[in-house]
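# dropping a prediction and its sequence here:
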Amino acid sequence: MIRAISSWATAAMVFAAAAALTNLAMAFLPVVDLHAVHHPGPATTALATALRLVAGVLLGGFALAFAVAWAGWSSRARKNLQGFGVRSRRVVDSIGRAPDVRRRMTTLTWALRGAVLAGGLALLLAWLGGRSTAGEIADVRAQARSGHPVDDALAAHLFGREVLLYLPSAALFVLVAVLALLFIARVTSAQYGRVARLSGDTGLAGGDAVGRRRLGARDDAVALVGGTIRA
C-alpha cells in the first residue's frame, strides 16, 4: 500500500527551518550578555540567562521534532517504494532512472552530507576554541550579576569572540536546513509523480483495477487529488 507522506514532509521542513534559525539566533546571544555588562545588575543578567535557557530548550525541541518527522517521512517513503515495485530501500531512488535527474539528486545528497559534516566540525572547533575563555566569561557574568563594573573592552573581546566562534557553524546548519528542505521536496514530489502515473492521472476512482489494488483500499491510502497526494 502507498501512504501519504505530505504531512511528514511538511513537518520535517518546518522543524528543520525552525531549528536552524534558532541555532543562528543563539550564535548572537553573547550580544545580550554584553548588554548586561553595560547595565550591570540582577535584572539584566537574569534576562540574558533566561534567553539562553529558552533558546536552548527551543533548539532541543525543534531538533527532536525534526528527527521524529524525518524518521516518519523516510520510513513511509521507503515503504512506498515497495508499492511502486522498486526493490531499493533508498528514498533517493524515488526519483526514477533519468540520468540528469539522478545526477542532480546525487549532487544534492552529497552536498547535504558535506554540509552536515562541515557544520558538525565547525561546531566542535568552536566548542574547543571557547574552552580557553570559559572561565573568564563566567567571571564577567558573575561580576555583572552582582552589579560590579566590568572592563568594557574585555567584555567586548570575550563576547565578540564567542559570536565569531559559533557563527560559522550556525550559518552552515542553515545551509543544511536549506539542502534538507530541497531533498525532502524532491523525493516527495517524485513520489507524487509516481502515484499520478500509477493512477492514470485521474485519481483512484478513475484508475485501472491493478492501480487501485496497488494503491490500496483502506481509507488512509493515498489518492491523487488536484495533483497532490492526500491521505
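Received, thanks. Computed from a prediction, not measured in an experiment: that's the story for all the values here. Residues are numbered from 1 along each chain as shown.
# what's the neighbour count on the closest residue to R87 other than its chain neighbours?
Spatial nearest neighbour of R87, chain neighbours left out: L81 (8.0 Å); criterion: CB to CB, 6 or more residues apart in numbering. (Each C-beta comes from the backbone N, C-alpha and C, glycine too.) Residues contacting L81 under the criterion other CB atoms under 10 Å number 19.
# how far off centre is the helix or strand hosting L81?
Using DSSP states H and E, L81 maps to helix 42-83. A distance of 8 Å separates the centroid of the chain from that of helix 42-83, by CA atoms, centre = their mean, to the nearest Å.
# check which helices and strands the following helix or strand past that helix sits against.
Tracing the chain past helix 42-83, the next element assigned as helix or strand by DSSP H and E is helix 99-130. On a contact count with 3 or more CB pairs under 8 Å, 6 or more residues apart in numbering; DSSP states H and E, helix 99-130 meets helix 152-198.
# average pLDDT across the helix it packs on?
The average pLDDT for helix 152-198 rounds to 92.
# check which helices and strands it sits against.
helix 6-27, helix 30-38, helix 42-83, helix 99-130, helix 134-145, helix 209-215, strand 223-225, strand 228-230.
# circling back: surely the residue nearest to R87 meets D93?
Yes. Because the distance of 6.6 Å satisfies CB atoms under 8 Å, L81 is recorded as touching D93.
# what's the weakest-modelled helix or strand in this structure?
Least confident element among the helices and strands of the chain, by mean pLDDT, DSSP states H and E: strand 223-225 (a mean of 36).
# appreciated, that's everything.
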